[in-house]
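**Q** Quick one, what's the 3D model for this:
(2 chains)
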Protein chains: 2
Amino acid sequence: MSKQPSSSRFRIRIVFADNHMIGPGKMELLERIARTGSIAAAGREMRMSYKRAWQIVEALNATFKEPLVLTTRGGAQHGGTTLTESGEAVLRQYRMIEAEAESACKDNLRHLEALLKDVPESR
Amino acid sequence: MSKQPSSSRFRIRIVFADNHMIGPGKMELLERIARTGSIAAAGREMRMSYKRAWQIVEALNATFKEPLVLTTRGGAQHGGTTLTESGEAVLRQYRMIEAEAESACKDNLRHLEALLKDVPESR
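**A** From the prediction side, this is the model:
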């Protein structure tokens, strides 16, 4: 979240051989589920309908061997929702891939940035 | 286009500091413009309206110092459309970034793939 004003960043979508994919939106949802303990709350933070957030979670759970998100029906009001070990691992690998890609491509990215229109410093 | 059936691939969107971005769709459009010599034809190949294709080209041209796509009004029927040197350079850098990112992230990608549900070989 804290970036130098002059830095570019990558948004990486990984398309698996079976055409399932994961990307920044799904990973952000996982992170927010881990923090809030709730699919509804995580979706709301991203201005996503409850239905949409659930669909994403279901799709993710269907893509991987183990479910990434686990909802336990707890008390009367609401169950607890957490990331499984597999969910934590997917998120961690994805963040590592992002960081690794940006670091590996630093030089080419500078070349690309050199072609950009200069933007006034004082915006 | 020729991929091993078991390989994952990246779709990378590069978000520049000023929030302009380039990604696989825009780069594909540039490639098709270079090949067909026509924004309309390139857009059509991607099932994109003429207007949309033009908007993308205009946005790209506004993002970089030099325009990436040059349309010269030639004969009566149609002008010729080509990528400029800058257009070729942006496309080349983007493809290099893609390749470099995939190669740098190979190990982490394998770890991620190991978490995927096994899919039947015979699809």
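**Q** Could you please name the strands the biggest strand by length in chain A pairs with and the direction of each pair?
**A** In chain A, assigned by DSSP state E, the strand with the most residues is strand A:9-15. Strands that pair with strand A:9-15, judged by DSSP bridges, come out as strand A:21-22 (antiparallel), strand B:9-15 (antiparallel).
**Q** could those be laid out in TSV, adding mean neighbour count and mean pLDDT?
**A** (C-beta placed from N, C-alpha, C; glycine too.) Listed next are the strands paired with strand A:9-15 as TSV, based on neighbours: other CB atoms under 10 Å in any protein chain shown; pLDDT from 0 to 100:
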stretch	mean neighbour count	mean pLDDT
strand A:21-22	20	96
strand B:9-15	18	96
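**Q** Same list (those strands) but as TSV, adding distance to residue B:43.
**A** Formatted as TSV, the strands paired with strand A:9-15 follow (distance: least, CB to CB, whole Å):
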stretch	distance to residue B:43
strand A:21-22	24
strand B:9-15	19
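**Q** Tell me which of those lies nearest to residue B:32.
**A** Proximity to residue B:32, assessed across those by CB to CB, is greatest for strand B:9-15 (16.8 Å).
**Q** Just the CA trace of the closest one, in PDB.
**A** The C-alpha trace of strand B:9-15 is given here as PDB (Å, rounded to 0.1, in the frame of the first residue of the first chain):
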ATOM      1  CA  ARG B   9       0.800 -18.600 -17.900                       C
ATOM      2  CA  PHE B  10       0.700 -15.000 -16.700                       C
ATOM      3  CA  ARG B  11      -1.500 -12.200 -17.800                       C
ATOM      4  CA  ILE B  12       0.300  -9.100 -16.600                       C
ATOM      5  CA  ARG B  13      -1.200  -5.600 -16.300                       C
ATOM      6  CA  ILE B  14       1.300  -2.900 -15.700                       C
ATOM      7  CA  VAL B  15       0.000   0.000 -13.700                       C
END
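**Q** For it, which outside residues touch it?
**A** A:8-15, A:21, A:23, A:101, A:109, A:112, B:3, B:21-24, B:94, B:97-98, B:101-102, B:105 (CB atoms under 8 Å, 6 or more residues apart in numbering or on different chains).
**Q** swap in stretch A:91-105?
**A** Residues contacting stretch A:91-105 (CB under 8 Å, 6+ apart): A:9-10, A:12, A:14, A:22, A:27, A:30-31, A:34, A:83, A:109, B:10, B:12, B:97, B:100-101, B:103-105, B:108-109, B:111-112, B:115.
**Q** Can you flag the buried ones in those residues?
**A** A:9-10, A:12, A:14, A:22, A:27, A:30, A:34, A:83, A:109, B:10, B:12, B:97, B:100-101, B:104-105, B:108-109, B:112, B:115 (16 or more other CB atoms under 10 Å in any protein chain shown).
**Q** Residue nearest the middle of chain A, spatially speaking?
**A** Geometric centre of chain A, nearest residue: residue A:27, 1.8 Å, by CA atoms, centre = their mean.
**Q** Check the offset of the strand or helix carrying that one from the chain's centre.
**A** For residue A:27, the element it lies in under DSSP states H and E is helix A:24-36. Distance of helix A:24-36 from the chain centroid (CA atoms, centre = their mean, to the nearest Å) equals 6 Å.
**Q** mind listing what's buried in the helix or strand following it?
**A** Next helix or strand after helix A:24-36 toward the C-terminus (DSSP H and E): helix A:39-45. Of all the residues in helix A:39-45, those buried under the rule 16+ other CB under 10 Å are A:39, A:40, A:42, A:43, A:45.
**Q** what packs against helix A:39-45?
**A** helix A:24-36, helix A:50-63 (3 or more CB pairs under 8 Å, 6 or more residues apart in numbering or on different chains; DSSP states H and E).
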